[in-house]
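1. Okay, predicted coordinates and the sequence, questions at the end:
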Amino acid sequence: MINHRLIIRWIASIIISLQCLVSCAHLPAPVAIWERQFIADPEIQLGQPRLEQGFSDHIYFSKEASTGGSSIGGGGCGCN
């Protein structure tokens, strides 16, 4: 006797597997040369604008009495 549920599960698993393989096959197109200007736009970049970053660095260095080390922990005089 043929088990219809087993056949349906087998066909469904094949269809799902094929869908997974087909969905992984599509790669996005590379960025065209004339579109790169929009990616490099300063408004799109993460972080603060240069002027604001300079002010923040000045305040940080003034409080810590040190230079450098703004991206990692430590620095300063250590007199907590």
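-> It's in.

2. Spatially central residue in this structure, please.
-> Central residue of the chain (Cα atoms, centre = their mean): L46, 10.7 Å from the mean position.

3. tally of neighbours for Q37?
-> Q37 sits with 8 neighbouring residues when counted by other Cβ atoms under 10 Å. Placement of C-beta: from N, CA and C, glycine included.

4. what pLDDT does it get?
-> pLDDT, Q37: 78.

5. and the gap between it and I44?
-> 11 Å (Cβ to Cβ, to the nearest Å).

6. Could you do H58 as well?
-> When H58 is compared with I44 (using Cβ to Cβ), they lie 25 Å apart.

7. which helix in this protein runs the most residues?
-> Identified as the longest helix of the chain according to DSSP state H is helix 4-25.

8. mean confidence for that one?
-> Mean predicted confidence for helix 4-25 is 87.

9. which helices and strands does that helix pack with?
-> Packing contacts for helix 4-25, counted by 3 or more Cβ pairs under 8 Å, 6 or more residues apart in numbering; DSSP states H and E, involve no helix or strand.

10. just how off-centre is that helix within its chain?
-> 32 Å (Cα atoms, centre = their mean, to the nearest Å).
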